[in-house]
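Engineer: Coordinates for the following, if possible.
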Amino acid sequence: MKWILIAAALFGASSVILGAALKHAVVTSEFDTLQTALRYHQIHSVVLLALGLYTLNQTPQRSVIISACLFIVGIIIFSGSLYLMVLYDIPQFGKLTPVGGISLIFGWLSLALIKPKKA
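Structural biologist: Predicted coordinates for the structure are as follows:
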């Protein structure tokens, strides 16, 4: 589906922009947290790209749509909470991070439900 490719493109671009913009904006002690947020953001953007390409010329299966939605929510909550924690120095944002992580885990697990294309 086209919206998955659009989401992948937007998340991929935003990860590069945030990486460049925040690299010099964080103190050394927060750099590892920023790196974690960026890594998960970028990896899951690539996974969204793969899902989008997988569905490009076919009607997507429900499990593909569920996976894509879980990855989108996971990126926003997992990486977003870490970005907010680093930017605003509010450790309470870190309490949201596991919720995003769980969404990413379920996104990966839902990939197991995808049925292979028929040749």
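
Engineer: drop to CA atoms for contacts and neighbour counts, all remaining ones
Structural biologist: Fine.

Engineer: Report all helices and strands that the helix or strand encompassing residue 109 contacts.
Structural biologist: Assigned by DSSP states H and E, residue 109 belongs to helix 97-111. In this structure, helix 97-111 packs against helix 62-74, with contacts taken as 3 or more Cα pairs under 8 Å, 6 or more residues apart in numbering; DSSP states H and E.

Engineer: what's downstream of the helix it packs on, the next helix or strand?
Structural biologist: helix 80-88.

Engineer: Pull out the buried residues from that following helix.
Structural biologist: Within helix 80-88, the residues that count as buried by 16 or more other Cα atoms under 10 Å are 80-86.

Engineer: Check which helices and strands it is in contact with.
Structural biologist: For helix 80-88, the helices and strands in contact under the criterion 3+ Cα pairs under 8 Å, 6+ apart are helix 31-54.

Engineer: Show me what the helix it packs on is in contact with.
Structural biologist: 1-5, 7-9, 11-12, 15, 18-19, 22-23, 64, 68, 71, 75, 78-80, 82-83, 86 (Cα atoms under 8 Å, 6 or more residues apart in numbering).

Engineer: Also stretch 82-101?
Structural biologist: Under the criterion Cα under 8 Å, 6+ apart, residues 26, 30, 33-34, 37, 73-79, 81 lie in contact with stretch 82-101.
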